[in-house]
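Peer 1: 3D, please:
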Amino acid sequence: MFVRTIEPAFYDTDALGHVNNTRLPAWFELARNDLFRLFTPDLDPRQWRLIMARMEVDYRAELHYGQEIEIRTYLSRLGKSSFTVTQEARQNGQLTNVGHTVLVHFDHQTKRAVPIEGALRDALAAHLQCAPEEA
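Peer 2: Take a look at the predicted model:
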């Protein structure tokens, strides 16, 4: 599991006084950089080996300005050429949001999915765990 801490900025809040729901997908993407480095260590977009097939976010509780947010990132499914990344946002120890993103190991020149094998598969498998129960 990868863990990152986000400190919300004042501009992340909305008129209702909590963190705007549009921020979570951006923070989840930022936190996936640790996982992206397994595929492209220098994050060079010319060497990119992934595409996104699906993304969803479950909003369970509000997030607030002035308190750090912990983003946990791990795999909840590892298939032949695709995998599901599950991400949890937590504030003050409370699970507030859960995101699921399906990524495909992809060859951009041939426009085809590529099997995940060898050391890459082992590196991904090290981050495989069960997702929290859906409410």
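Peer 1: only C-alpha atoms from now on, for both contacts and neighbour counts.
Peer 2: Noted.
Peer 1: and the residue of the chain most remote from its centre, what pLDDT?
Peer 2: Centroid-distance maximum for the chain: A15 at 26.5 Å, with CA atoms, centre = their mean. pLDDT recorded at A15 is 84.
Peer 1: so it, which state does it fall into?
Peer 2: Reduced to three states with DSSP: H, G, I helix; E, B strand; the rest coil, the structure at A15 is coil.
Peer 1: need phi/psi at it.
Peer 2: phi -60, psi -20 (degrees, to the nearest 10).
Peer 1: shaky segments in this protein?
Peer 2: In the prediction, the chain carries residues with pLDDT under 70 at positions 131, 133-135.
Peer 1: please redo it, this time with the cut-off set to 80
Peer 2: For the chain, the stretches flagged by pLDDT under 80 are 17, 131-135.
Peer 1: the strands in this protein, which residues?
Peer 2: 2-6, 50-59, 69-78, 82-91, 94-107, 112-113 (DSSP state E).
Peer 1: including mean neighbour count and distance to R32, could those strands go into CSV?
Peer 2: Compiled in CSV, the strands of the chain are given as follows (neighbours: other CA atoms under 10 Å; distance: least, CA to CA, whole Å):
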stretch, mean neighbour count, distance to R32
strand 2-6, 15, 8
strand 50-59, 14, 12
strand 69-78, 22, 7
strand 82-91, 23, 8
strand 94-107, 19, 10
strand 112-113, 14, 20
